[in-house]
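In: Let's see this in three dimensions:
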Amino acid sequence: MFKNHKIIFIGFLVILFICVFSLAIYAFSEDAKTNDVPNSRDHSLISRFDGSYIRYFQHKNYDKYILPINNLKEPEDKEDILVEDTSIEGEVYQYFYVIPDGHSVLEVFRNYEIALEEAGFEIIRKQTRDISHSLSNSLYSKINWDSCRGNNFNGVGVHYDTGDQSYLAAKLKRPKGDVYLSLYVADHVIHGGSWGEERPAVYQVVVEEKEMETGLVTANSNFKKEEKENEEALFPIKAETKDVPNSSNHPVISRYKGSYLRFYKYINYDEFVFPYSLLKDSGKDLRVEGEITRNFYVIPNGHSVLEVFRNYETALENAGFEIIRKQTSDISHKLSNCLYSEINWDSCPRNNFNGVGVHYDTGDQSYLTAKLERSEGDLYLSLYVADHGINGGNWGEQRPAVYQVVVEEKEMETGLVTAGSIIQDIESTGKVSIYGVYFDTDSAKIKSESKPTVEEIAKVLKNNTNLKLYVVGHTDSTGNFDYNMDLSQRRAEALVDKLVKEYNINRNRLEPAGVGPLAPKESNKTENGRAKNRRVELVKM
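Out: Alright, predicted model coming up:
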């Protein structure tokens, strides 16, 4: 009996310890309970409720905000009133205020309503009872609480059953652009912290309509380039607001004003896959070969994905680019996974930065592919803009960043493969990897610049009349497996056909085979590895 009581008592102590320990982890620091979060301020059009303090603040110079009208009850009188979600663009301010003890939702909401009406605002939509939980879910779905330093909590919960809720949308007409205000007042509780249950709070969004500033990105279709070696930039120890060393903008397009380069890589000749299969109305991926420049830019605070993306899009169109694919909503996480699989963040030492994370739920994403037709070879640009956070380092959460890839089609340097080197490798290892046979994008048609390499292969076969070879096509792991298997087979067959028809090699000496990505030479995690894996191998029978 005593033993059982002892076990119960010990269990109670363990539970008590866990509870106390949890409070120690999640409690607000003493100086944070009634203080505003750093760098926050009230909007000049409306004050806060007396005695309240700001627990979340975000300002975007230009963005889109949607008034969540669809989550309200349908009004009886629909005339001259908003009846569906309304999208507004302009300068956006978001606030989350905690109200002092002893005040009700009713008192707070009416004070705001009266102040707005006295200032000339028109209440364009209002609901004060029977509000669905879908309203707060919609309002808070785009907030990443962790992005606001000093708030000391990681989310909010609304008391739908026991607490009150009220919502209004108001409008102030102005010649230079109307102002919209979204106001949600409800009894809340937080996830993390020591804020008491059923405490009123205000979530307020102010949107000032205005023209978006353009010209923050410029493009130049008549650019001139300097010759450069294959290179990859390394991060300096303190790289937060500085470009990584040995990096540069591509001369065809500037960076967004005030941004800085966080990753840079240049390759003289390679293939880049534009991931169309991961966009809406998915189609076949576009594969383009040529000179490749990759840039990853961090955008200054206070700018939105919308503002950044539109500036790039406008600059490209003004420079004569054709936008051939674009998607600005409902983008799958698979897109960024695919794009960033091209980057080995660990190749940049000393920077305390080992990757990026995209905010798929709370952040925005936009993607486009643009094409510039040129006589010396077309230029393609892949542009991905999204709210990011980093893995490692102290870059704030939900910060816009740009991943840009420029591919310039060009003739590749040839003559790097000789008959002597081919037969030497075959005799010593039984096989040789050939990198000088090039194909049209997503095709088994052999490019004209492959001729010197094909001639060297034919020379080997003519000089060694008893030699029989498997001609094996290889791909990297990018894209659909079945497609890559088929493509590698067709390319192997195309090379055999060319040797037979144009160089009079006996077909019985050659056996084509396609193994797709099944026999990589190196890891497919890096671009250099994938380049090594895209090849033709000649294997001695």
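
In: burial count for the spatially closest residue to Lys468 that is not a sequence neighbour?
Out: Spatial nearest neighbour of Lys468, chain neighbours left out: Met541 (4.1 Å); criterion: Cβ to Cβ, 6 or more residues apart in numbering. The C-beta positions use only the backbone N, C-alpha and C, and glycine is treated the same way. By the criterion of other Cβ atoms under 10 Å, Met541 has 10 neighbours.

In: Am I right that Met541 is in contact with Tyr470?
Out: Yes: counting by Cβ atoms under 8 Å, Met541 touches Tyr470, with 6.2 Å between them.

In: residues bridging contact with the two, i.e. touching both?
Out: Common contact partners of Met541 and Tyr470 (Cβ atoms under 8 Å, 6 or more residues apart in numbering): Glu511.

In: Ser277 belongs to a helix, doesn't it?
Out: Yes: counting by DSSP: H, G, I helix; E, B strand; the rest coil, Ser277 is located in a helix.

In: got any ranges where the stretch 401-541 of the chain has weak pLDDT?
Out: Applying pLDDT under 70 to the stretch 401-541 of the chain picks out residues 414-416, 527.

In: Now for the residue nearest to the spatial centre of the chain: which residues touch it?
Out: Most central in the chain under Cα atoms, centre = their mean is Ala386, positioned 4.1 Å from the mean C-alpha point. Each residue near Ala386 by Cβ under 8 Å, 6+ apart is listed here: Val305, Ser336, Val358, His359, Gly363, Asp364, Gln365, Ser366, Pro400, Ala401.

In: next structured bit after the helix or strand hosting it?
Out: Here Ala386 sits within strand 379-390, counting by DSSP states H and E. As assigned by DSSP H and E, the chain's next helix or strand after strand 379-390 is strand 399-408.

In: hey, C-alpha coordinates of that next one in PDB?
Out: C-alpha atoms of strand 399-408 as PDB (Å, rounded to 0.1, in the frame of the first residue of the first chain):
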ATOM      1  CA  ARG A 399      12.200  37.400 -45.900                       C
ATOM      2  CA  PRO A 400      11.800  37.600 -49.700                       C
ATOM      3  CA  ALA A 401      14.600  36.200 -51.800                       C
ATOM      4  CA  VAL A 402      15.200  35.700 -55.500                       C
ATOM      5  CA  TYR A 403      16.700  32.600 -57.200                       C
ATOM      6  CA  GLN A 404      17.600  33.500 -60.800                       C
ATOM      7  CA  VAL A 405      19.200  31.300 -63.400                       C
ATOM      8  CA  VAL A 406      20.300  32.600 -66.800                       C
ATOM      9  CA  VAL A 407      21.000  30.200 -69.600                       C
ATOM     10  CA  GLU A 408      22.700  31.500 -72.800                       C
END
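
In: May I see the buried residues of whichever helix or strand comes after it?
Out: Per DSSP H and E, strand 399-408 leads on to helix 419-429 as the next helix or strand towards the C-terminus. Going by neighbour count (16 or more other Cβ atoms under 10 Å), the buried part of helix 419-429 is Ala419, Ile422, Ile423, Ile426.

In: Looking at those residues, spot the one nearest Arg294.
Out: Nearest to Arg294 among the buried residues of helix 419-429 is Ile422, at 32.6 Å by Cβ to Cβ.

In: isn't that closest one right up against Lys431?
Out: No: counting by Cβ under 8 Å, Ile422 stays clear of Lys431, with 10.3 Å between them.

In: Quick check: neighbours shared by these two?
Out: Common neighbours of Ile422 and Lys431 (criterion: Cβ under 8 Å, 6+ apart): Leu538.

In: Domain map for this protein?
Out: 32-209, 231-408, 419-540 (automatic domain parsing).

In: Could you export those domains as TSV, including distance to Asn220?
Out: What follows is those, written out as TSV (distance: least, Cβ to Cβ, whole Å):
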stretch	distance to Asn220
domain 32-209	24
domain 231-408	6
domain 419-540	26
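
In: Out of the ones you listed, which is closest to Leu216?
Out: Closest of those to Leu216 is domain 231-408, at 4.3 Å (criterion: Cβ to Cβ).

In: Give me the sheet partners of the strand holding Ala386 and which way each runs.
Out: The pairing partners recorded for strand 379-390 under DSSP bridges are strand 356-358 (antiparallel), strand 365-372 (antiparallel), strand 399-408 (antiparallel).
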